[in-house]
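Asker: no letters, just coordinates:
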């Protein structure tokens, strides 16, 4: 069976000696929507940064069967799109078009193909017509959509999102959840937002101190209040009602 993500015995320590990941073993199937939850410092973002080689994995990770090593790094990165928590880390060009076109241009596509990809990506995030707008003058919700479009324009098979609903008002949050839910690729989402996790992800993994401590269906995880509370993830009142 081919998996979207395969991780075997992955451990990682930062240069200062702090161990961020401890013996991570994980497979994620093609088409799955998987949440990574855990308290601050649990290792969620560090794990995400391994998935497209921003942090090197020493070949303990495979992307769609391809070892994530120096030889395959460019090819593997083309399959994994990473959306950062802060969209300003991803948007740096004078116009929305330039930001969304950046990836396809660097992949060597013809200008006509670049324009087509930009148009489709903006359509997919409901931001058509924003091509000549300045990203710096958009709302946080609009910036997050454009950040996702910069990834979609490269046609990834795996979408990785770090805290996608952070700093959004309720309306923008639920609109973004529905947008992400409609995207067809494999999705891996790191978040503290348990409402979003419940709405978006069929499977949830809890990380604590760099280790996987729980891996189950999202309803099973979210209905286990003692488990969530033991790792600093007490459910919201809405979740408690939903699984009562």
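Answerer: Here it is on my side, so go on. Quick caveat: nothing in here was measured; it's all calculated off a predicted structure.
Asker: report the secondary structure state of the most centrally placed residue in the chain.
Answerer: In the chain, the centroid-proximal residue (CA atoms, centre = their mean) is residue 161; its distance is 1.7 Å. Assigned state for residue 161: strand (three-state reduction, DSSP: H, G, I helix; E, B strand; the rest coil).
Asker: in the sheet, which residues pair with it? Tell me.
Answerer: Counting by DSSP bridges, residue 161 is bridged to residue 83, residue 189.
Asker: can you offset everything so residue one is 38?
Answerer: With 38 as the first residue, the last one maps to residue 198.
Asker: what separation do you get for it and residue 55?
Answerer: Residue 198 sits 24 Å away from residue 55, going by CB to CB, to the nearest Å. Any C-beta I mention is one placed from the backbone N, CA and C, and that applies to glycine too.
Asker: what's the answer for residue 162, then?
Answerer: Per CB to CB, residue 162 is found 36 Å from residue 55.
Asker: next: residue 141.
Answerer: Taking CB to CB, one finds residue 141 at 37 Å from residue 55.
Asker: for residue 224, same thing?
Answerer: Residue 224 is 29 Å from residue 55, by CB to CB.
Asker: more neighbours, those two?
Answerer: Set residue 224 next to residue 55 and count neighbours by other CB atoms under 10 Å: residue 224 wins out with 23 against 11.
Asker: wasn't that one part of a strand?
Answerer: Yes: counting by three-state DSSP, residue 224 falls inside a strand.
Asker: so residue 68 is in which element?
Answerer: Using DSSP states H and E, residue 68 falls within no helix or strand.
Asker: what is the neighbour count of it?
Answerer: Counted by other CB under 10 Å, the residues lying close to residue 68 total 12.
Asker: ditto for residue 63
Answerer: 18.
Asker: so it sits against residue 46, correct?
Answerer: No: when contacts are counted by CB atoms under 8 Å, residue 63 is not listed as touching residue 46 (10.5 Å).
Asker: contacting residues for residue 186?
Answerer: With contacts defined as CB atoms under 8 Å, 6 or more residues apart in numbering, residue 186 is in contact with 133, 137, 155, 158, 159, 161, 162, 164.
Asker: now with 10 Å, please.
Answerer: 120, 127, 133, 136-137, 140, 154-155, 157-164, 167 (CB atoms under 10 Å, 6 or more residues apart in numbering).
Asker: just residue 43 next, same as before
Answerer: 62-65, 97-105.
Asker: got a pLDDT number for it?
Answerer: pLDDT recorded at residue 43 is 96.
Asker: what does residue 242 give?
Answerer: We have a pLDDT of 98 for residue 242.
Asker: tell me the phi and psi of it?
Answerer: phi -120, psi 130 (degrees, to the nearest 10).
Asker: which SSE is the closest residue to it other than its chain neighbours in?
Answerer: The shortest distance from residue 242 to any non-neighbouring residue, by CB to CB, 6 or more residues apart in numbering, is to residue 252 (4.8 Å). Element membership of residue 252 [criterion: DSSP H and E] is strand 248-254.
Asker: who does that strand pair up with?
Answerer: Strand pairing for strand 248-254, determined by DSSP bridges: strand 240-245 (antiparallel).
Asker: lowest-pLDDT helix or strand in the chain?
Answerer: helix 274-279 (a mean of 47; mean pLDDT, DSSP states H and E).
Asker: residue 114 - how many residues pack around it?
Answerer: 18.
Asker: wait, residue 110
Answerer: Residue 110: 16 surrounding residues under other CB under 10 Å.
Asker: ok, the closest residue to it other than its chain neighbours - how many residues close by?
Answerer: Take residue 110 and drop its neighbours on the chain: the residue closest to it by CB to CB, 6+ apart is residue 90, 4.9 Å away. By other CB under 10 Å, the residues close to residue 90 number 19.
Asker: right, I'll leave it there.
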